[in-house]
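J.: Here's my sequence, what's the structure:
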Amino acid sequence: MTTKTEDRLLGLAVAAILATLGGELLGSQLIITAGVVAFVLALAALFGVMSVVLAVSVARTSDLNAPDPTAIESAR
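T.: Take a look at the predicted model:
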């Protein structure tokens, strides 16, 4: 399951890498630095969002997968 935010951050990370490569080809240290910084920030934000999405997903599904205690007792 991916969210729009994850997709956008991944796109930003790819764009930052491409900008870094373009800066390397142009020989511009400023573009390279900006691309690397943008990539690191996008990657950190992406991991943060992925962690939150995972935590919310686990919190929502944990109640649904719990067996009914009365059904277990009646089976014995």
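
J.: Any regions of the chain where pLDDT drops low?
T.: Flagging of the chain using pLDDT under 70 yields the residue ranges 1, 61-76.

J.: The same query, at a cut-off of 90, please.
T.: Judged by pLDDT under 90, the chain has its weakly predicted residues at 1-3, 53-76.

J.: residues of the longest helix along it that come out buried?
T.: In the chain, assigned by DSSP state H, the helix with the most residues is helix 29-62. By neighbour count with 16 or more other CB atoms under 10 Å, helix 29-62 contains the buried residues 31, 32, 35, 38, 39, 42, 43, 45, 46, 49, 50. Quick note: C-beta positions are derived from backbone N, CA and C, even for glycine.

J.: Out of these, flag the one nearest to residue 5.
T.: Distances from residue 5 to the buried residues of helix 29-62, taken as CB to CB, are shortest for residue 49 (5.3 Å).

J.: isn't that closest one right up against residue 6?
T.: Yes. Counting by CB atoms under 8 Å, residue 49 touches residue 6, with 5.7 Å between them.
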